[in-house]
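Participant: what would the 3D arrangement of this be:
(one chain, ligands or ions: 2)
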Amino acid sequence: MDKVIIVNQLTRRFEETVAVDNLSLEVHAGEIFGVLGHNGAGKTTTVRLLNGVIEPTSGSMRVLGFDPQMDGPKLRARTGVLTETPSMDERLTAKDNLSIYADLYGVPRTEVSKRIHELLTEFDLADRAEERVGGYSKGMKQRLALARAFLHKPELLFLDEPTSGLDPIAAHHVNDLIQRIARRENHTVFLCTHNLVDAQKLCDRVAVLEHGRLVALGTPAELTRQYVRRMDVDIEVNEAQIESTLQVLRSLPRLVIGDPVQTNSDLTVTLSGHEAIPDLLEVLVQKNVRIYRIAAQEANLEQVYFALHGEKESV
Ligand SMILES: Nc1ncnc2c1ncn2[C@@H]1O[C@H](COP(=O)(O)OP(=O)(O)OP(=O)(O)O)[C@@H](O)[C@H]1O
Ligand SMILES: [Mg+2]
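Facilitator: Ligands and ions are numbered 1, 2, ... in the order given. Presented below is the predicted three-dimensional model:
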């Protein structure tokens with residue numbers, strides 16, 4: 001199936017709050033679809049709606065062809081969910097927690113123990129598998145919750161801030177795993193995250209929510225082209241000319257924004273846009289500056305995010 005999730009004019013209110021506001025979007029098979037947005041933007045509410053945990057106020061959705069409200073059990077057999085605050089039975093061991101879910105998800109009995117061992121190894125918990133989860137650290141609990149979401153090899157994974165609370169190595173590992181699931185196994189991932197660097201690296205497309213509304217949707221490259229006009233450019237000039245070049249750069253407020261930053265013989269300047277590059281080069285050449293290198297830094301989702309969240313003037 002090409003469209004794994006179809007959301008049409010979905011709205012969810014909580015009394016006065018419109019948590020999800022007339023949201024329409026589609027998620028394609030095999031993609032890593034990122035959802036970004038400030039605290040309270042509606043990310044988790046969207047995940048809960050898509051999983052049939054709560055009802056929409058209005059609008060409709062299809063997930064793997066199912067209506068989450070009507071076909072919850074059928075849907076959940078094929079989806080994995082890492083919720084924002086996953087709960088485990090703290091009195092039981094990691095192994096027993098996973099066994100219970102393996103039963104619930106209908107993992108064939110002959111495969112359960114192999115699968116659990118595989119996942120506990122994958123998430124670096126194998127040597128603590130027989131301990132009660134109550135004694136686990138926050139990151140260990142998060143890794144166990146991730147293992148649980150992957151247990152039945154779901155074709156669609158909802159991950160609500162999967163690297164929250166993880167140390168950098170564990171976070172890196174989880175990101176690798178997410179990519180592998182999507183790229184090699186062609187599964188789909190619906191990923192809510194505040195980590196814009198991860199989103200840039202992992203996501204095929206991202207949606208940005210603001211107060212429940214969709215304010216941007218596209219590939220990271222499309223969004224940066226659309227929303228980021230300013231760009232940072234590194235310029236390497238003859239060392240003897242650094243001071244005079246700085247003076248030139250400071251005299252071009254139409255092209256250069258703010259103060260240039262100097263690192264050894266490299267200068268980094270923020271330009272007002274793409275077209276400012278040839279204009280700047282022309283001026284520098286006229287002033288006989290010897291330029292050895294000029295390179296525009298790639299715009300990123302962080303700049304898009306700030307552009308969309310009220311800092312439109314500065315990006
Ligand atoms: N059960 C609930 N009852 C009342 N209000 C709720 C409920 N669930 C969510 N909301 C409200 O809906 C809005 C969206 O919340 P949601 O948890 O979806 O945001 P989020 O984007 O996941 O935020 P965060 O980044 O902090 O996780 C918030 O204003 C929140 O207070
Ligand atoms: Mg949330």
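Participant: up against ligand 2, what does the stretch 51-200 of the chain have?
Facilitator: E84 (Cβ under 5 Å from the ion). From N, CA and C alone the C-beta is placed, and that goes for glycine too.
Participant: mind listing the strands for the stretch 51-200 of the chain?
Facilitator: Under the criterion DSSP state E, counting those that start in this stretch, the stretch 51-200 of the chain carries strands at the ranges 58-63, 79-82, 156-160, 188-192.
Participant: can you add distance to ligand 1 and give the ones you listed back as CSV?
Facilitator: Shown next, in CSV, are the strands of the stretch 51-200 of the chain (distance: least, Cβ to the nearest ligand atom, whole Å):
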stretch, distance to ligand 1
strand 58-63, 15
strand 79-82, 13
strand 156-160, 7
strand 188-192, 6
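Participant: helices along the stretch 51-200 of the chain, start to end?
Facilitator: 72-76, 94-105, 109-122, 138-150, 168-183, 196-202 (DSSP state H, counting those that start in this stretch).
Participant: buried sites along the shortest one?
Facilitator: Judged by neighbour count using 16 or more other Cβ atoms under 10 Å, the buried positions of helix 72-76 are 75-76.
Participant: sorry, back to before: point out the most buried one among the strands of the stretch 51-200 of the chain.
Facilitator: strand 188-192 (a mean of 26; mean count of other Cβ atoms under 10 Å).
Participant: could you check the angle helix 168-183 makes with that one?
Facilitator: 140 degrees (axes from the mean of the first three to the mean of the last three Cα atoms, to 10 degrees).
Participant: strand partners (parallel or antiparallel) of strand 188-192?
Facilitator: strand 32-37 (parallel), strand 156-160 (parallel) (DSSP bridges).
Participant: rewinding a little: dump the helices of the stretch 51-200 of the chain into JSON lines; add mean pLDDT as well.
Facilitator: Shown next, in JSON lines, are these (pLDDT from 0 to 100):
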{"stretch": "helix 72-76", "mean pLDDT": "90"}
{"stretch": "helix 94-105", "mean pLDDT": "94"}
{"stretch": "helix 109-122", "mean pLDDT": "93"}
{"stretch": "helix 138-150", "mean pLDDT": "93"}
{"stretch": "helix 168-183", "mean pLDDT": "90"}
{"stretch": "helix 196-202", "mean pLDDT": "93"}
